[in-house]
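Asker: Below: sequence and its predicted model.
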Amino acid sequence: MKTSKSTALLYPACLLYGTLMLVMLLCSSVASANLTIEITRGSDSALPIGVVPFKGGDGMPEDVAQIVQDDLERSGYFDPLARESMFARPHSADDVAYGEWRSLDVRYLLVGRSQKTADGYQIEYDLLDVSGARPMLLERISASGNSLRGAAHRISDAVFEAITDIRGAFSTRIAYVTAQGVGDNIDYGLYVADADGHNSQQVLTSDEPILSPAWSPDGQKLAYVSFESERPAIYVQQVASGQRVKLTDFEGINGAPAWSPDGRKLAMSLSKDGQPEIYVMNLADRGIQRLTNNSSIDTEPSWAPDGGSLLFTSDRSGGPQLYRYTLGSGNAERLTFTGKYNARGRFSPDGEQIFMVHRSKNGYQVARQALDSGRLVVLSESTHDESPSIAPNGTMVLFATQQGGQGVLSAVSVDGRSSFRLPAAQGDVREPAWSPFL
């Protein structure tokens, strides 16, 4: 007999401590899986930059300079000058009159030119320090007509790193779950897309819920939970080929897969021995090791960047809080003490902070906590946030939230100063996962 979708959704909802991740599934239709960027808050400390339309850009299928400008703006680090405010539109460093750009309070300037080649386009660009009247970058890249967005993201990565000394993450991807239908007649899709929501690709469709997508460290595979066999099971799927394997199908809960940093193991929450506990599977032989063992619910594991410990959610203190399990000693240390609800924890890439869903008087919000001081700071301004996922360069947090009764993705900078949304044209989107560097 086919599992009722409403019953299936309640099952993991209690496991994940009501983080609201499953409210998304009572939704309207999803017309397109591409997501659209909406800047919701800019940073007061953003650096003024000018991105001049590239010479030859009118004959290209994509406006490369505009894509770069949009990338830099949504990062929160830059405040691009509007094109209509530009006095001139130079295309090389030799054409730039630095005084004109200083009068517009522009600190950095990107100019470029492109030309058609036999197999695509060649793009050359200059990044200039306006204050110092000096060049910072001069690079040339080639791209086919179908890969111009990718080329633009690579330019954005180079510009971002040259100015901030932080590796750019614009060429990364995101995974997310969509749903269409109502009640028990819902179809689910697992998608991957560029970090700006474009170039979406469906990697799985099902008439049963899909939960908790997680990228492998090499960015080639996704682990996720699917209810297609009438109870939750953990799968691993190759993104490019679609080939997949079922890793677990135990009685009870099979949930929250998380890759180890070396890609050789998966942490997960299983209830095959009673209460949900944290287990680790060796992917080479599928051997399973149980880590936690007590009468409370332990779930939502997440690896530390060095692979030596795991973060997980437990109600052993009377309510959901975050704990750190050290593999060498087997000790579990409580990390969160601010408030009565802290769940779905994730480490920052440098391992110095953790990000989570924190319940405050304003609802469920994304927060970060420094591991050395224990200080917790709320980052988001919405009230129904869930499933935080950190950019691989540690600058942004992607999460799911509600907007007008619809599930959307949103992102906030780790300092809380800037944010943007990624809504779909219709329907709900949930369960975001930011890829590693590709």
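Answerer: Yep, that arrived.

Asker: Can you tell me the closest non-neighbouring residue to residue 391?
Answerer: Nearest residue to residue 391 in three dimensions, chain neighbours excluded: residue 169, at 4.7 Å (Cβ to Cβ, 6 or more residues apart in numbering). For glycine as for every other residue, the C-beta is placed from the backbone atoms N, C-alpha and C.

Asker: correction: residue 356
Answerer: Among residues not flanking residue 356 along the chain, residue 345 sits closest, at 4.6 Å (Cβ to Cβ, 6+ apart).

Asker: try residue 189
Answerer: According to Cβ to Cβ, 6+ apart, the nearest residue to residue 189 is residue 178 (4.6 Å).

Asker: Sheet-wise, list the partners of whichever strand or helix holds that neighbour with their directions.
Answerer: Assigned by DSSP states H and E, residue 178 belongs to strand 173-182. As defined by DSSP bridges, the strand partners of strand 173-182 come to strand 185-194 (antiparallel), strand 428-434 (antiparallel).

Asker: how far out from the middle of the chain is that strand?
Answerer: The chain centroid and the centroid of strand 173-182 are separated by 14 Å under Cα atoms, centre = their mean, to the nearest Å.

Asker: And residue 89, how far from residue 132?
Answerer: For residue 89, the distance to residue 132 (Cβ to Cβ, to the nearest Å) stands at 22 Å.

Asker: cool, residue 358 as well?
Answerer: Distance of residue 358 to residue 132, given as Cβ to Cβ: 42 Å.

Asker: With residue 250 instead?
Answerer: Relative to residue 132, residue 250 is positioned 62 Å away (Cβ to Cβ).

Asker: which one of those two has more residues nearby?
Answerer: residue 250 (17 against 10; other Cβ atoms under 10 Å).

Asker: wait, that one sits on residue 273?
Answerer: No. Taking contacts as Cβ atoms under 8 Å, residue 250 lies outside contact range of residue 273: 9.0 Å.

Asker: my guess is residue 170 meets residue 195, correct?
Answerer: Yes. The pair residue 170 / residue 195 is scored as a contact, 5.9 Å apart, by Cβ under 8 Å.

Asker: about what we covered before: so what secondary structure elements neighbour the helix or strand where the residue nearest to residue 356 lies?
Answerer: Following DSSP H and E, one finds residue 345 within strand 342-347. Contacts defined by 3 or more Cβ pairs under 8 Å, 6 or more residues apart in numbering; DSSP states H and E place strand 342-347 against strand 298-303, strand 309-314, strand 321-326, strand 353-360, strand 386-390.

Asker: Number of residues surrounding the nearest residue to residue 282 once chain neighbours are set aside?
Answerer: Excluding its sequence neighbours, the residue lying closest to residue 282 (Cβ to Cβ, 6+ apart) is residue 265, at 5.7 Å. Residue 265 is flanked by 19 other residues according to other Cβ under 10 Å.

Asker: please renumber so the chain begins at 34
Answerer: Let's use 34 as the start, then, which means that last one is residue 298.

Asker: Let me know the pLDDT of residue 298.
Answerer: Per-residue pLDDT puts residue 298 at 98.

Asker: before we move on, what about residue 361?
Answerer: 89.

Asker: Help me confirm that it comes into contact with residue 343.
Answerer: No. Residue 361 is beyond contact range of residue 343, at 12.0 Å (criterion: Cβ under 8 Å).

Asker: Kindly list the longest helix within this structure.
Answerer: Of all segments of type helix in the chain, defined using DSSP state H, the longest is helix 181-197.

Asker: so how far is that helix from its chain's centroid?
Answerer: Averaging C-alpha positions (Cα atoms, centre = their mean) puts helix 181-197 18 Å from its chain's average.

Asker: swap in stretch 130-147?
Answerer: On Cα atoms, centre = their mean, the centre of stretch 130-147 falls 32 Å from the chain's centre.

Asker: Now that stretch: average pLDDT?
Answerer: Across stretch 130-147, pLDDT averages out at 97.

Asker: what ranges do the helices span in this structure?
Answerer: Using DSSP H, the helices found in the chain span residues 38-48, 97-107, 131-136, 181-197.

Asker: CA atoms only for the third one - export them in PDB, please.
Answerer: It stands for helix 131-136. Taking Å, rounded to 0.1, in the frame of the first residue of the first chain, the C-alpha atoms of helix 131-136 are listed here in PDB:
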ATOM      1  CA  TYR A 131      40.700  57.800 -13.300                       C
ATOM      2  CA  GLY A 132      39.600  61.300 -12.100                       C
ATOM      3  CA  GLU A 133      36.100  60.800 -13.600                       C
ATOM      4  CA  TRP A 134      35.600  57.600 -11.600                       C
ATOM      5  CA  ARG A 135      37.000  59.100  -8.400                       C
ATOM      6  CA  SER A 136      34.400  61.800  -8.700                       C
END
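
Asker: Quick check: buried residues in that helix?
Answerer: Neighbour-count burial for helix 131-136, counted by 16 or more other Cβ atoms under 10 Å, picks out 131, 134.

Asker: what do you get for stretch 203-217?
Answerer: Under the neighbour-count criterion of 16+ other Cβ under 10 Å, stretch 203-217 has 203, 204, 205, 206, 207, 208, 209, 210, 211, 212, 213, 214 buried.

Asker: can you redo those residues as a markdown table with pLDDT and distance to residue 349?
Answerer: As requested, those are exported to a markdown table (pLDDT from 0 to 100; distance: Cβ to Cβ, whole Å):
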| residue | pLDDT | distance to residue 349 |
| --- | --- | --- |
| 203 | 98 | 41 |
| 204 | 98 | 41 |
| 205 | 98 | 35 |
| 206 | 98 | 36 |
| 207 | 97 | 33 |
| 208 | 97 | 31 |
| 209 | 96 | 31 |
| 210 | 95 | 29 |
| 211 | 93 | 35 |
| 212 | 84 | 33 |
| 213 | 82 | 39 |
| 214 | 80 | 38 |
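
Asker: What is the nearest of those to residue 352?
Answerer: Closest approach between the buried residues of stretch 203-217 and residue 352, by Cβ to Cβ: residue 210, at 27.1 Å.

Asker: need the contact list for the closest one.
Answerer: 57, 221, 222, 223, 224, 243, 244, 246, 462, 463, 464 (Cβ atoms under 8 Å, 6 or more residues apart in numbering).

Asker: nearest to residue 279, of these?
Answerer: Nearest to residue 279 among those, counting by Cβ to Cβ, is residue 243 at 13.6 Å.

Asker: For residue 257, see how far away that closest one is.
Answerer: 6 Å.

Asker: Next: residue 434.
Answerer: Taken as Cβ to Cβ, the span from residue 434 to residue 257 is 21 Å.

Asker: shared neighbours, residue 243 and residue 257?
Answerer: The contact sets of residue 243 and residue 257 overlap at 223, 237 (Cβ under 8 Å, 6+ apart).

Asker: mind listing what's buried in stretch 392-406?
Answerer: Buried positions in stretch 392-406, judged by neighbour count with 16+ other Cβ under 10 Å: 392, 397, 398, 399, 400, 401, 402.

Asker: Done for today, thanks.
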